[in-house]
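>>> Any chance you can model this:
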Amino acid sequence: MNGGPNGDLYIFVHIKPHPIFKRDAANLYCTVPLSMTTAALGGEIDIPCIDGTSEKVKIDEGTQSGTEVRLRKKGMTMLQSKSVGDLFVRFTVETPTKLTDKQKELLKQFAEESKESSPQSTGFFEKLRELLK
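This next block holds a predicted model:
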């Protein structure tokens, strides 16, 4: 500066994490909560996309936490390219926390009716019993 010697200029860029999406190259990842009833009965939900639009996604009956769907060409555009990455959506099923007495009673009735329709938990406890023998 002002006749001083030439030097190096270092610039550090920090990118603030997006509140919804995580990025890996051109692909984006997000987690979307599902109500217990939507997960059990199925339906349609809107998934937000990085460009500000949303995409309707069909939720199948019996969707489990951890289920992933892939929305092709809804990710980021590759640098110096026209190809676009994908958006991977992982669902998490939310368990209700504040139930009314009527809701509790209905869930108890549901539990009685559905003793045989939980294959993962039934299989888990059968394996556990075998290990403990």
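>>> right, and the secondary structure at residue 103 would be what?
helix (DSSP: H, G, I helix; E, B strand; the rest coil).
>>> With residue 45 instead?
Going by three-state DSSP: residue 45 is strand.
>>> if I pick residue 54, what's in contact with it?
46, 47, 48 (Cβ atoms under 8 Å, 6 or more residues apart in numbering). From N, CA and C alone the C-beta is placed, and that goes for glycine too.
>>> Can you tell me which of these are buried?
The neighbour count (16 or more other Cβ atoms under 10 Å) marks 47, 48 as buried among the contacts of residue 54.
>>> With pLDDT added, can I get the contacts of residue 54 in a markdown table?
Output for the contacts of residue 54, formatted as a markdown table (pLDDT from 0 to 100):
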| residue | pLDDT |
| --- | --- |
| 46 | 95 |
| 47 | 95 |
| 48 | 91 |
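>>> just curious, which of the contacts of residue 54 is nearest to residue 20?
Proximity of these to residue 20 (Cβ to Cβ) peaks at residue 48, which lies at 6.5 Å.
>>> That closest one contacts residue 18, doesn't it?
No. Contact criterion Cβ atoms under 8 Å: residue 48 and residue 18 do not qualify, at 10.9 Å.
>>> Out of the contacts of residue 54, flag the one nearest to residue 91.
residue 47 (10.0 Å).
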